[in-house]
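*Asks:* Give me a model of this one.
(chains A and B)
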Amino acid sequence: MGLREIPDTSIFDLRLSRRGRRLNKLCHTLCDPRNREAFKADEEAYMARFGLTEEEKDLVRTRNFRGLIESGLNIYWMLKLGSATGNSLYRMGAQMRGESYEAFLKTRTIDGAV
Amino acid sequence: MARVVGGIGLSHVPSVGPVVDRKRQDEAAWKPLFDAYVPVRDWLSKLKPDVAIVVYNDHGADFALDKYPTFALGAAERYGIADEGFGTRPLPEVPGDAELSIHLCERLIEDEFDLTVCQEMAVEHGFLVPMNLCFPHTAAGWPVRTIPLQVNVIQHPLPTARRCYKLGQAIRRAVESYPPDVSAVILGTGGMSHQLQGRRFGFMNEAFDQAFLDRLESDPDGLAGISHQEIMEQAGAEAVELIMWLTMRGAMSPEARRVHRHYYAPMTTGMGLITFEDS
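*Replies:* Just a heads-up that it's a prediction; the model follows:
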């Protein structure tokens, strides 16, 4: 069986997870405050340690969250990258939707529950 | 003999954690959610459970994708608080019930649920937000012992909704075969409708969520036939966490009485709440 495609949606299956393993591995280490500091101090050196491809590094450098998801970074591991780079879930979400943070908040019922 | 005396289905939205830690529960945007738990806590104070079995998913705090179990049961005396990448919340360690955990492992594996057994496990918002809402801690610690049951709802292939429902039924049988006079509640957490990635970020579907609550109460066996595809298409990719509510429902009798029900969806997640009590 398996899952059918869903428009505008990433389905995190084993093939996508395999593709994103370097990104997910890097982000998992950001659960340790010392690693978060090391990442913030020198992103390039930190990315090199995990053998990211040049394309993956560019996605991190440009904070291309939609691209990272499409490259197999799982949303829950991406949240750790968001935290280390000052991007909240809603800011990442607005970018993935292709709109500004302010425009995104206007689409919510009660935008104060953040 | 041990018994399952109550079941709770509830969302485990992470932003609830900092609201609790900073005591912002009375803010207008949050009050409707927290108010809904006041009668639930009154009800729990009458049920006086000794143990809470919490069915949840880790979000990359203590479990990594290099080895990812489908069902993982905690079998420890206590569970630490995990850092999810945002810092460790100022919460006391959570007490376990290792004896009951061992009994559950023995009976569930004998019942053909081949669990990963975790002698060390740290818990995060999937587990802690439901605890904050139902069993707030005090300076003396948490008011119940706990057993965490971590389910893979992240990396497909996931267990089916029916498998989760049957696991709940097996948990009930396992609890009822435990000789000590222990009363347990079971929490099925996660959902409801939400999608956190892609262009469809922020998608919710209240009609789906309300129908899910209806069927969870009146037709759980039929609801257990729902596919991941249907949940993800209709309620968002991350709504598939809802299969864990079926584990809770499976651990209650089919004719269990529904006690509370609430729904609040201010931002990006349908935050549902439903409770059941066995007569």
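
*Asks:* how about the nearest residue to B:Ala184, chain neighbours excluded?
*Replies:* Among residues not flanking B:Ala184 along the chain, B:Val51 sits closest, at 4.5 Å (Cβ to Cβ, 6 or more residues apart in numbering or on different chains). All C-beta spots, glycine's among them, are computed from the backbone N, C-alpha and C.

*Asks:* and that neighbour, what does it touch?
*Replies:* Counting by Cβ atoms under 8 Å, 6 or more residues apart in numbering or on different chains, B:Val51 touches B:Asp97, B:Leu100, B:Val144, B:Arg145, B:Thr146, B:Ile147, B:Val182, B:Ser183, B:Ala184, B:Val185.

*Asks:* List phi and psi for it.
*Replies:* phi -140, psi 140 (degrees, to the nearest 10).

*Asks:* same check, this time on B:Gln229
*Replies:* phi -60, psi -50.

*Asks:* and the residue nearest to it when sequence neighbours are not counted, how many neighbours does it have?
*Replies:* Distances taken as Cβ to Cβ, 6+ apart put A:Leu3 closest to B:Gln229, at 5.7 Å, once the chain neighbours are dropped. Neighbour count of A:Leu3, defined by other Cβ atoms under 10 Å in any protein chain shown: 17.

*Asks:* hmm, back to that, list the ones among the contacts of B:Val51 that fall in strands.
*Replies:* B:Arg145, B:Thr146, B:Ile147, B:Ser183, B:Ala184, B:Val185 (DSSP state E).

*Asks:* Settle this for me: the first one is touching B:Ala98, isn't it.
*Replies:* No: between B:Arg145 and B:Ala98 there is no contact, the gap being 9.3 Å when judged by Cβ atoms under 8 Å.

*Asks:* more neighbours, those two?
*Replies:* Shown here are B:Arg145 and B:Ala98; by other Cβ under 10 Å, B:Arg145 has more neighbours (22 against 16).

*Asks:* Could you tell me which residues of the stretch 1-150 of chain B lie near chain A?
*Replies:* Within the stretch 1-150 of chain B, the residues that sit near chain A (Cβ under 8 Å from any Cβ of the partner chain) are B:15, B:27-30, B:33, B:59-61, B:64-66, B:82-87.

*Asks:* how about 10 Å then?
*Replies:* B:13-16, B:18-19, B:27-30, B:32-33, B:57-66, B:68, B:82-88, B:122, B:124, B:126 (Cβ under 10 Å from any Cβ of the partner chain).

*Asks:* Any chance of a ChimeraX selection covering the buried ones in those?
*Replies:* In ChimeraX, this line selects whichever of the residues of the stretch 1-150 of chain B next to chain A come out buried by 16 or more other Cβ atoms under 10 Å in any protein chain shown:
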select /B:13,14,15,16,19,29,30,33,57,58,59,60,61,62,63,64,65,68,82,83,84,85,86,122,124,126
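
*Asks:* so of the residues of the stretch 1-150 of chain B next to chain A, which ones are in helices?
*Replies:* B:Val16, B:Pro18, B:Val19, B:Pro32, B:Leu33, B:Gly126 (DSSP state H).

*Asks:* Now chain A against chain B: closest residue?
*Replies:* Residue nearest to chain B within chain A: A:Lys80 (3.1 Å; Cβ to the nearest Cβ).

*Asks:* quick one: contacts for that residue?
*Replies:* By Cβ atoms under 10 Å, 6 or more residues apart in numbering or on different chains, the contact set of A:Lys80 is A:24, A:26-31, A:35-36, A:39, A:73, B:59-61, B:83-86.

*Asks:* What of B:Pro159?
*Replies:* B:Pro159 neighbours (Cβ under 10 Å, 6+ apart): B:Thr70, B:Phe71, B:Phe113, B:Val151, B:Asn152, B:Val153, B:Lys166, B:Leu167, B:His228, B:Ile243, B:Met244, B:Thr247.

*Asks:* What is the most widely separated pair among those residues?
*Replies:* B:Phe113 and B:His228 (19.2 Å; Cβ to Cβ).

*Asks:* Could you pull out the helices in chain A for me?
*Replies:* Counting by DSSP H, chain A has helices at residues A:14-19, A:21-29, A:33-41, A:43-49, A:54-61, A:65-70, A:75-85, A:89-97, A:101-106.

*Asks:* Would you indicate which residues of the first one are buried?
*Replies:* Which is helix A:14-19. A:Leu16, A:Ser17.

*Asks:* How confident is the prediction for whichever residue of the stretch 1-150 of chain B sits closest to chain A, by pLDDT?
*Replies:* Closest residue of the stretch 1-150 of chain B to chain A, Cβ to the nearest Cβ: B:Gly85 (3.1 Å). On pLDDT, B:Gly85 comes in at 97.
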